[in-house]
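Visitor: Give me a model of this one.
(one chain, ligands or ions: 1)
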Amino acid sequence: MDVVEAIRTRKSIRGFRPDPVPKEVLRKILEIAIRAPSGVNAQPWEITVVAGEALENIKRGNVEMAASGAIPGQDMRGQAREGVYKQRQVDLAIQIFQLMGIAREDKAKRAEWIQRGFRFFDAPAAIILYVDKSLGESGPLMDIGSLSQTICLAALNYGLGTCIEGQGVMFPDVVRKNTGIPESKRIIICIAIGYPDWDFPANKLETKREPVENIATWCGFD
Ligand SMILES: Cc1cc2nc3c(=O)[nH]c(=O)nc-3n(C[C@H](O)[C@H](O)[C@H](O)COP(=O)(O)O)c2cc1C
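Guide: Purely as a prediction, here's the structure:
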């Protein structure tokens, strides 16, 4: 697969086959992906790969925390989106719910979808990305972004699908308890990873992009 094809083919996968992903394959993907660039080659990323019982415990812990009404204790504080950014978020939810046959007023099914996110979309493995808190809150985010996308692209080479996911690490204490990631680390994001279930409706989603004409400004060209 050439690089353009990989970039075009990658999409978020939210339904996986239960087959486990061999540790050697995940290791290979990480070995490739850590070629991602980082500012001053600081490579601030730290990675915990979770599967099996540890992942099941995180999935259960997340769902229990959400059900208890616990306030997400995200290490990364999000900000509510407004305007066009909010609209794109709504459009995404509409597209997913349409594919999944979830009606707007069907609160139970919507809640089940949210729960699915806390279960890493039932992926057999997850990659947790974090950084040392001494690096500050926003400094290493670019580097983690660069690594995340590189992991997702490398995964394609092994027939694997991924979904970069903030929701999976929304309760960082659950993740810490089941992985041993210490308090001194800021958990940034996780990536659900596994073999895609291509019959899963949400995997048919083709997200839109604003055309280049609307977002790029050209200076110094004829
Ligand atoms: C930083 C980040 C956080 C994300 N968090 C979630 C998430 O919590 N739940 C989810 O379903 N998708 C999540 N996604 C996936 C995005 O929704 C997805 O990338 C976007 O809709 C574009 O679709 P595509 O990945 O299929 O191209 C996240 C993506 C990124 C980059």
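Visitor: pLDDT weak spots in the chain?
Guide: 74 (pLDDT under 70).
Visitor: any idea which residue sits dead centre in the chain?
Guide: Centroid-nearest residue in the chain, with C-alpha atoms, centre = their mean: residue 164, separated by 1.5 Å.
Visitor: contacting residues for the closest residue to residue 12 other than its chain neighbours?
Guide: Nearest non-adjacent residue to residue 12, counting by C-beta to C-beta, 6 or more residues apart in numbering: residue 163, 4.3 Å away. Yep, even glycine has a C-beta here, placed from its N, CA and C like the rest. When contacts are counted by C-beta atoms under 8 Å, 6 or more residues apart in numbering, residue 163 touches 12-14, 121, 123, 191-192.
Visitor: Keep only those of those that are in strands.
Guide: 191-192 (DSSP state E).
Visitor: ok, which pair from the contacts of residue 163 is furthest apart?
Guide: For these, the farthest-apart pair by C-beta to C-beta is 14 and 191; their separation is 12.4 Å.
Visitor: hey, where'd the helices end up in this structure?
Guide: 3-9, 23-33, 52-67, 83-100, 107-118, 141-156, 172-179, 212-215 (DSSP state H).
Visitor: Need the residues that contact the first one.
Guide: With C-beta under 8 Å, 6+ apart as the test, helix 3-9 has contacts from 1, 153, 156-157.
Visitor: Okay, buried residues for it please.
Guide: Within helix 3-9, no residue is scored as buried using 16 or more other C-beta atoms under 10 Å.
Visitor: do the same with the third one
Guide: Counting neighbours by 16+ other C-beta under 10 Å, one finds that the buried residues in helix 52-67 are 54-55, 57-59, 61-63, 65-66.
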